[in-house]
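1. missing the sequence, but the structure's below:
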């Protein structure tokens, strides 16, 4: 996400570390690089100019120029100003007003990801304790209604689809009545899009808006379309009224400038960001967290939230007990790998750890999803008895496991050797007594275990 911009900014800050005092010429040189980095990332040029001017005004102040750590001061100023670009609005949905059901209307051009976002938003609402219902009003695009039905089944969400009703406004209105009758507290309305903005589309959206009175009108923008997404968002806001923006595909190869321009140019906050293809990969936007990742500072809070959502409390307690009893098996290791996969792509997870925002610095130790799959395949090719007691795995069994997993005997040997090292390490941690300190050491051991498991 925004990798190129992140790397450029971090290089600028590294160039300042050797400066014991900052002069205006050094600040100007750094700001030139920052300006180029932002422009190359497709940030709106007016936004870039205003941003650089604000940073210069603060960076050439006497407190910074005389500071004993001027580079840190500049980093702080840039961070503060980047956060300010996004405004002070919290992400997610607006505070609720009025009687249920709450109505969330998704707007956007064709192909921006509205239908997938509807299902992702439904999953997000479930995690907030809500009971959402989905409805599609896109009666023109082939299979649009069917696509929402399929995604609804995958996400365990109720999809309202009245047979034979092909009037968009009627479908939206009937969904509100259905939600009230069945006790659903939120209705997500997936609307039609076009490859361009036209009068027919806007008239249809206006009619749906007037019929259902949405609490939230979210414009779904593909981050890979850059400034075109911002222009379209501004037009939708002018004609329909947008309360927030959902930026999809921020995990892709987008230059990412749209994220830094949307608030300043359109005048509405970013509500959500899509960071992957899974239905769980939608996050309420929080500017400080995105900026921290952008500057290579990590995002520990988001990492903790992902871990909490992926790890069941009973499983965590059971794992802690297993580690304390010094009875850690390959079966337990397999469960930990599966838990790690639930947290999302490894590159995203590691990018949230402070100091690992720029994964290129890991060199040959960068995470490899395929290697993780091979480790799972090796363990999956073992019998239950072998997973519970690795000592019975002799030479003949290792050959069978290698054939069954499509790997080599050397790979099996390497995994078993590292697993034995983990057991030895966990035994050391487990024998240090109880209490909070031990639990902390166990968490550290589990983190080390996960990291080593990827190298098998």
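-> On my side now, so go ahead. Since the model is a prediction, treat every value here as computed from it, not as a measurement.

2. Can you tell me the element residue 84 falls in?
-> helix 70-85 (DSSP states H and E).

3. how deep is residue 391 tucked in, by neighbour count?
-> 8 (other Cβ atoms under 10 Å). Heads up, the C-betas are built off the backbone N, CA and C, glycines and all.

4. Kindly report the same for residue 23.
-> Neighbours of residue 23 using other Cβ under 10 Å come to 12.

5. Show the subsequent helix or strand relative to the helix holding residue 84.
-> That would be, after helix 70-85 and using DSSP H and E, strand 102-107.

6. Would you mark the buried spots in that next one?
-> By 16 or more other Cβ atoms under 10 Å, the buried positions in strand 102-107 come out as 102, 103, 104, 105, 106, 107.

7. For the closest residue in space to residue 103 that isn't next to it in sequence, grab phi and psi.
-> In this structure, residue 103 finds its nearest non-sequential neighbour in residue 214, 4.4 Å apart by Cβ to Cβ, 6 or more residues apart in numbering. In terms of degrees, to the nearest 10, the main-chain angles of residue 214 are phi -60, psi 140.

8. Please apply the same query to the one 5 residues further on.
-> Recorded main-chain torsions at residue 219 are phi -90, psi 120, according to degrees, to the nearest 10.

9. Could you tell me which residues make contact with it?
-> By Cβ atoms under 8 Å, 6 or more residues apart in numbering, residue 219 lies in contact with 107, 108, 232, 233, 236, 237, 242, 244, 245, 246, 268.

10. could I get the residues you listed as CSV with pLDDT and secondary structure?
-> Shown next, in CSV, are the contacts of residue 219 (pLDDT from 0 to 100; DSSP: H, G, I helix; E, B strand; the rest coil):
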residue, pLDDT, secondary structure
107, 94, strand
108, 89, coil
232, 83, helix
233, 84, helix
236, 89, helix
237, 89, helix
242, 91, coil
244, 90, strand
245, 89, strand
246, 90, strand
268, 85, coil
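
11. hmm, back to that, which one of the buried residues of strand 102-107 is nearest to residue 84?
-> Of all the buried residues of strand 102-107, residue 84 sits closest to residue 107, with 26.5 Å by Cβ to Cβ.

12. How much space separates the closest one from residue 141?
-> 15 Å (Cβ to Cβ, to the nearest Å).

13. Okay, buried residues for stretch 181-196 please.
-> Judged by neighbour count using 16+ other Cβ under 10 Å, the buried positions of stretch 181-196 are 184, 185, 186, 187, 188, 189, 190, 191, 192, 193, 194.

14. Could you do stretch 204-224 as well?
-> Those would be 204-205, 208-209, 211-212, 214-224, for stretch 204-224 by 16+ other Cβ under 10 Å.

15. which stretches of the protein have low pLDDT?
-> Applying pLDDT under 70 to the chain flags the ranges 1-4, 17-22, 61-71, 88, 226, 251-259, 293, 296-326, 342-369, 426-456.

16. what about the most far-flung residue of it relative to its centre, which SS state?
-> In the chain, the residue that sits farthest from the middle, by Cα atoms, centre = their mean, is residue 396; the gap is 44.1 Å. Recorded secondary structure, residue 396: helix (DSSP: H, G, I helix; E, B strand; the rest coil).
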